[in-house]
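> here is the input, now give the coordinates:
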Amino acid sequence: MSAQLHATAVATLTGWVAPTPGQDALRRRFLAHLAAHPDGLAKACFPDHLTAGAIVVSPDGGRVLLNHHRKADAWLAFGGHLEPGDASLADGARRELVEESGLASFDLAEEPLSVDEHAVEFCSERGTVHHLDVRFLATAEPTAAHATSEESIDVRWWPVDALPATFDDMYVLVDAAVARVRSRQSTSSPGGGSSRAAAE
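Below you'll find the predicted structure:
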C-alpha cells in the first residue's frame, strides 16, 4: 500500500469531526493503528486493517440500496479492502461501490459519515480479523441502473422504514445516512463537499 494513501488516510481521519464521543474514540483508535502500522491499510495487516465503504440512499432519504453479501449472507452496505491504486479512503469507497453495485451515477461525499470496527471470520486464514471501516455517504436515484456482482446474491433498493433483517450496525449506519441527507435538504448548499462519479 502506498505511502501517499497512508498519508491521505491519516489526514482524512485527523481532520474529521466525529459526531459523537464513541465515534471520536474509534477515530482515534484508527489513527493509532495507522501510526503503529505503515501497512495498516492493507489486507495483509493482521489482525486489524482499515477498509472503506459507502452507504447509498436516495436524494429524499426514503430508500437505501443494499447488497445481499454472498460470504456474510446478510444485507450490507458496499465496501471492502483498499487497493494500491486508491488515492484516498473516499476513492477506495467509490471504487468498491462501483464494483459491487454497478451504479451508473451517484454523488459521494468526500468526508466520512461514520466509522465502525467489526470482527470478520472469513477475511483471513490466520483467524478473526477486525475491519476498521471508514464509511462514506453516497446518494443516487432509485431509477439509476445497478447490477449484482459476483460477491453478492442480490442488490436492491429498500424503503428505510421497511429494511431487511441485518446487523445492528447497519441499522445505525442507515439512520445516520438518512439523517445526513435530510439535513442537507434543508440546510446545505447544492454540491457542497461531494463529487460526481460515473461508471464507464
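
> and Val56, which of the three is it?
strand (DSSP: H, G, I helix; E, B strand; the rest coil).

> wait, isn't it in contact with Arg63?
No. With contact defined as Cβ atoms under 8 Å, Val56 does not count as touching Arg63 (9.1 Å). In this view, the C-beta of every residue, glycine as well, is placed from N, C-alpha and C.

> more neighbours: those two, which one.
Val56 (28 against 20; other Cβ atoms under 10 Å).

> let me see the mean pLDDT of the longest helix anywhere in the chain.
Using DSSP state H, we find that the single longest helix of the chain is helix 168-187. Over the span of helix 168-187, the pLDDT mean works out to 91.

> how about stretch 104-118?
Stretch 104-118 comes out at a mean pLDDT of 94.

> put the alpha carbons of the longest helix of the chain into CSV.
C-alpha atoms of helix 168-187 as CSV (Å, rounded to 0.1, in the frame of the first residue of the first chain):
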residue,chain,number,x,y,z
ASP,A,168,-27.4,-3.8,14.2
ASP,A,169,-24.5,-1.6,12.9
MET,A,170,-26.2,-1.5,9.5
TYR,A,171,-29.4,0.0,11.0
VAL,A,172,-27.3,2.6,12.8
LEU,A,173,-25.5,3.4,9.5
VAL,A,174,-28.7,3.7,7.6
ASP,A,175,-30.1,6.0,10.2
ALA,A,176,-27.0,8.2,10.1
ALA,A,177,-27.1,8.4,6.3
VAL,A,178,-30.8,9.3,6.2
ALA,A,179,-30.4,12.0,8.9
ARG,A,180,-27.4,13.5,6.9
VAL,A,181,-29.3,13.5,3.6
ARG,A,182,-32.5,15.1,5.2
SER,A,183,-30.4,17.6,7.0
ARG,A,184,-28.7,18.6,3.7
GLN,A,185,-32.1,19.1,2.1
SER,A,186,-32.9,22.0,4.5
THR,A,187,-29.5,23.5,5.4
